[in-house]
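# Compute the structure for the input listed below.
(one chain, ligands or ions: 2)
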Amino acid sequence: MRVGIIYDRGEKCKTAHDIISFEAIKSDVHSVRKTIKSIGHEPVIIPLETEGSDLKYAMCRFFNRIKNSNVDVVFNLCEDINGNSQSEINIPAVLNLLNIPYTGSDVFSLAMTNDKQKTKHIMVREGIPTPRYRVFYTKKISYHLNFPAIVKPNNEDGSFGIDSGAVVMNKEELEKRVAFVLENFRQPAIVEEYIEGREFNVSIFGNHPNLEILPISEILYVDFPDGKPKIADYNAKWLESSFEYSHTPVRCPAEMEKSLEEKIRRISLKCATIFGCRDYGRVDIRLDQSGRPFVIEVNANPDLSPKAGFMRSFIAAGRTYQDFLGNVLKWAAERKDVTQVA
Ligand SMILES: Nc1ncnc2c1ncn2[C@@H]1O[C@H](COP(=O)(O)OP(=O)(O)O)[C@@H](O)[C@H]1O
Ligand SMILES: [Mg+2]
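Ligands and ions are numbered 1, 2, ... in the order given. Below is the predicted model:
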C-alpha cells in the first residue's frame with residue numbers, strides 16, 4: 001500500500017511548549033516511516049506546511065497534496081494545526097469527504113474527547129465514575145465546590161496549562177487560577193475535585209467489538225515533598241530536566257488486585273466503546289482514598305511516541321511497532337468506502 005503520513009510541521013509555532021511537542025511528532029514521523037517501509041508498504045510523507053502563506057491557502061494545498069499523491073491510506077499524526085488543538089478534528093472530517101481512509105479515531109470521537117466538559121458530561125450520563133466538576137466561562141465563581149480542586153483548560157491536552165498551581169485549596173486560589181486559564185488560554189476553565197490516589201493509563205487496541213486491553217501502566221509519584229500535588233503536569237510529561245519528570249517513573253504492568261483490575265478494565269472498555277475510540281486509545285484513571293476508580297480522561301488519538309503510555313503498554317505486551325502499524329493500517333484500509341459522509 002501507499003501510505004501517506006500526515007502531520008503538522010508547526011512552522012508558525014513559537015512557544016516552548018509547541019516547539020517541544022512538534023519535535024516529538026517529527027521523531028514519530030521518522031519512526032513510522034521507517035517501520036512502514038520495513039513491513040513492505042510505501043511511505044509518503046505529507047507535512048502541513050504553513051510558512052509563508054495564510055492558513056486557508058496552506059490547508060487547500062495540503063489536502064490537494066494528499067488527494068494527488070494517490071495514497072491508499074493515511075496515517076494520521078496531526079495533533080493540532082499551528083498549535084491549535086481544537087482544529088485537529090477537521091482533518092478526519094475532510095478525509096471523510098475525500099473518501100480517503102485514515103488511521104485512528106474519526107471526527108465524532110475526536111470532537112467529543114477533545115472537549116473535557118463534553119467528555120465528562122457523557123460519562124456522567126453513562127454512569128462512568130469521574131470526578132465532580134464545574135466549568136467556568138467568566139471569572140465569576142458562583143458554585144460551591146469541594147477542595148482541593150484542580151483547574152484545567154477545557155480543550156487542551158499533553159498537560160498544557162497544568163502545573164502545581166493548578167491544584168487549588170480555597171476559593172481565592174480557585175478564582176485566581178480560573179482567571180489565569182481564561183486569560184492565557186482563551187477557553188473555558190474546567191474545575192474538578194482533586195483525586196490524589198494511584199494513577200493508571202489503560203491502553204486499548206482494536207475496534208469494537210474486538211477491543212484488546214494492553215498491560216495497564218501506573219504513574220508513580222516518588223518522593224514528592226509534602227504539599228506538592230501529585231499530578232502528571234506539563235513538566236512531568238515534557239521537561240526531562242525537571243523534578244516532576246525524574247520523579248514520575250512508570251511501572252508497566254501495574255501491580256494490583258484482580259478485582260480492581262477487572263473494575264478498571266470494565267470501565268475503560270465502556271469508555272472506548274461509548275466514545276467510539278478507533279484503532280488505538282487510552283483511558284486515564286485515578287483511585288480515590290477508598291480505592292474507587294475515577295476516569296480522568298479519555299484520549300481518542302493518544303500520543304504514539306515510545307515514551308508515552310500507549311506504546312509503552314504495547315511493547316510491555318510483547319508486541320512490536322511493526323505489529324502495531326501493520327494492524328492499524330490494515331484496519332484503516334478496510335474502512336475504504338465506509339468513511340463516506342454520513
Ligand atoms: N481531577 C483530578 N484529580 C487528580 N489529578 C488530576 C485530575 N485531573 C487531572 N489530574 C492530573 O493532571 C494530569 C493531566 O490531566 P488531564 O485531564 O489528563 O489533562 P491532559 O488532557 O492535558 O492530559 C493527569 O494525568 C493527572 O495526573
Ligand atoms: Mg491526560
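
# Quick check: residues of the stretch 51-200 of the chain near ligand 1?
When proximity is defined as C-beta under 6 Å from any ligand atom, the stretch 51-200 of the chain approaches ligand 1 at 131, 150, 152, 156-160, 162, 192, 194-195, 199. In this view, the C-beta of every residue, glycine as well, is placed from N, C-alpha and C.

# run the last query once more with 5 Å
Residues of the stretch 51-200 of the chain lying close to ligand 1 (C-beta under 5 Å from any ligand atom) are Pro131, Ile150, Asp157, Ser159, Glu192, Tyr194, Ile195.

# I'd assumed Tyr234 was in contact with the fourth one.
Yes - contact status for Ser159 versus Tyr234: in contact at 4.6 Å, counting by C-beta atoms under 8 Å.

# May I see the buried residues of stretch 129-139?
Thr130, Pro131, Tyr133, Arg134, Val135, Phe136 (16 or more other C-beta atoms under 10 Å).

# Show me the two of those that sit farthest apart.
Using C-beta to C-beta, the pair of the buried residues of stretch 129-139 lying farthest apart is Thr130 and Phe136, separated by 17.7 Å.

# do the strand or helix carrying Met311 and ligand 2 meet?
According to DSSP states H and E, Met311 maps onto helix 309-316. No - using C-beta under 5 Å from the ion, helix 309-316 stays clear of ligand 2, with a minimum separation of 8.7 Å.

# how about the CA coordinates for that helix, as PDB?
Below are the C-alpha coordinates for helix 309-316, written out as PDB (Å, rounded to 0.1, in the frame of the first residue of the first chain):
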ATOM      1  CA  GLY A 309       1.500   5.500  27.700                       C
ATOM      2  CA  PHE A 310       0.100   3.700  24.600                       C
ATOM      3  CA  MET A 311       3.300   2.400  23.000                       C
ATOM      4  CA  ARG A 312       4.800   1.600  26.400                       C
ATOM      5  CA  SER A 313       1.900  -0.800  27.100                       C
ATOM      6  CA  PHE A 314       2.000  -2.200  23.600                       C
ATOM      7  CA  ILE A 315       5.700  -3.100  24.000                       C
ATOM      8  CA  ALA A 316       5.000  -4.500  27.500                       C
END
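
# I'd like to know which elements that helix is packed against.
The contact analysis (3 or more C-beta pairs under 8 Å, 6 or more residues apart in numbering; DSSP states H and E) places helix 309-316 against strand 199-207, strand 217-219, strand 279-287, helix 321-334.

# Tell me which residues touch the residue in the stretch 201-342 of the chain that ligand 2 sits nearest to, please.
In the stretch 201-342 of the chain, the residue that lies nearest ligand 2 is Glu297 (4.2 Å; C-beta to the ion). The contact partners of Glu297, by C-beta atoms under 8 Å, 6 or more residues apart in numbering, come to Thr113, Lys116, Thr119, Val283, Asp284.

# returning to what we had before: make a markdown table out of the residues of the stretch 51-200 of the chain next to ligand 1 and add pLDDT and distance to ligand 2.
Putting these into a markdown table (pLDDT from 0 to 100; distance: C-beta to the ion, whole Å) gives the following:
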| residue | pLDDT | distance to ligand 2 |
| --- | --- | --- |
| Pro131 | 97 | 13 |
| Ile150 | 98 | 12 |
| Asp157 | 89 | 6 |
| Ser159 | 92 | 7 |
| Glu192 | 97 | 12 |
| Tyr194 | 98 | 15 |
| Ile195 | 97 | 13 |
